[in-house]
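> Dropping the sequence and predicted coords here.
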Amino acid sequence: MNAPADRRTVDLGAYPDLVVIVLGMRVHALAGLKTLLGFGPRIARSVAGQPDGLLLHESFVFSLVPPHVGMRQYWRDFAALEAWARSDPHRIWWRQFLRDSGGTGFWHESYLMRGGMEAVYVDMRENVGFLRFAPQRPARGAMFSARGRAGQPGGGAAPAAVSEQELYPRCGSSA
């Protein structure tokens, strides 16, 4: 006789401000393989450094052809995730990537326990995640930062890795 399925769940009561972020990088040009493979060791070193507030980091593969890899991270709260994203080494990576995506597309989607979700997609040639069903908007003005997209109050403890004016010098913001 077969035993019933072993169903389990978790008590997230100790994590009222939990944030889950799923990130992906998809290769769309041969040069993108070098970009993708270059990020792996850097991310591994960064995670090994146990950034404050990072509870868990998992890596996975969405597809082999075209290469599309991902990560899922669990953060104590939005402030910890944002502080890490606005500090080195992430700040440096993000600035470099926004100048030249190196034959890849990148995206992330964040889900906040206290409510709110946000996402950004950079040089993605095929829609993924929210892009496949939700209305698309330029990531400008109030939608430029993760904080703004997620509806989080305040401006963050550190300046953004790249300001909107720096990224789009001739366009200004379109709030």
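Cool, got the structure.
> any idea whether Arg114 is helix, strand or coil?
Classification of Arg114 by DSSP: H, G, I helix; E, B strand; the rest coil places it in coil.
> show me what contacts it?
16-17 (CB atoms under 8 Å, 6 or more residues apart in numbering). For every residue, glycine as well, the C-beta is placed using N, CA and C.
> ok, now the one 5 residues further on?
The contact partners of Ala119, taken as CB under 8 Å, 6+ apart, are 107-110, 129-131, 149.
> Show me the two of these that sit farthest apart.
Spatially, the most separated pair among the contacts of Ala119 is Ser110 and Leu131, at 14.5 Å (CB to CB).
> who does the most centrally placed residue in the chain bridge with?
Among the residues of the chain, the one closest to the centroid is His108, at 3.5 Å (CA atoms, centre = their mean). Beta-bridge partners recorded for His108 (DSSP bridges): Leu23, Val120.
> Thought Ile21 was touching it, still the case?
Yes: between His108 and Ile21 there is a contact at 5.7 Å, judged by CB atoms under 8 Å.
> Go through the contacts of Ala119 and say which is closest to Ala79.
Lowest distance from Ala79 to those (CB to CB) belongs to Ser110, with 12.9 Å.
> now that closest one, what's its secondary structure?
Following three-state DSSP, Ser110 is assigned to strand.
> that older thread, who's more crowded, Ser110 and Leu131?
For Ser110 versus Leu131, neighbours defined as other CB atoms under 10 Å are more numerous around Ser110 (21 against 15).
> Quick check: which element contains the residue nearest to that one when sequence neighbours are not counted?
Of all residues not flanking Ser110 in the chain, Ile21 sits nearest, at 4.5 Å (CB to CB, 6 or more residues apart in numbering). Per DSSP states H and E, Ile21 falls inside strand 19-27.
> helices or strands up against that strand?
Secondary-structure packing of strand 19-27 (3 or more CB pairs under 8 Å, 6 or more residues apart in numbering; DSSP states H and E): helix 30-48, strand 68-75, helix 78-85, strand 104-112.
> Which among the ones you listed is found nearest to Gly154?
Nearest to Gly154, of all those, is helix 78-85, at 9.1 Å by CB to CB.
> counting contacts, what elements does the closest one pack onto?
Applying 3+ CB pairs under 8 Å, 6+ apart, we find helix 78-85 packed against strand 19-27, strand 68-75, helix 90-99, strand 104-112, helix 146-149.
> CSV please, covering these and showing distance to Tyr168 and mean pLDDT.
Formatted as CSV, the helices and strands packed on helix 78-85 follow (distance: least, CB to CB, whole Å; pLDDT from 0 to 100):
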stretch, distance to Tyr168, mean pLDDT
strand 19-27, 23, 98
strand 68-75, 27, 98
helix 90-99, 10, 93
strand 104-112, 18, 98
helix 146-149, 15, 94
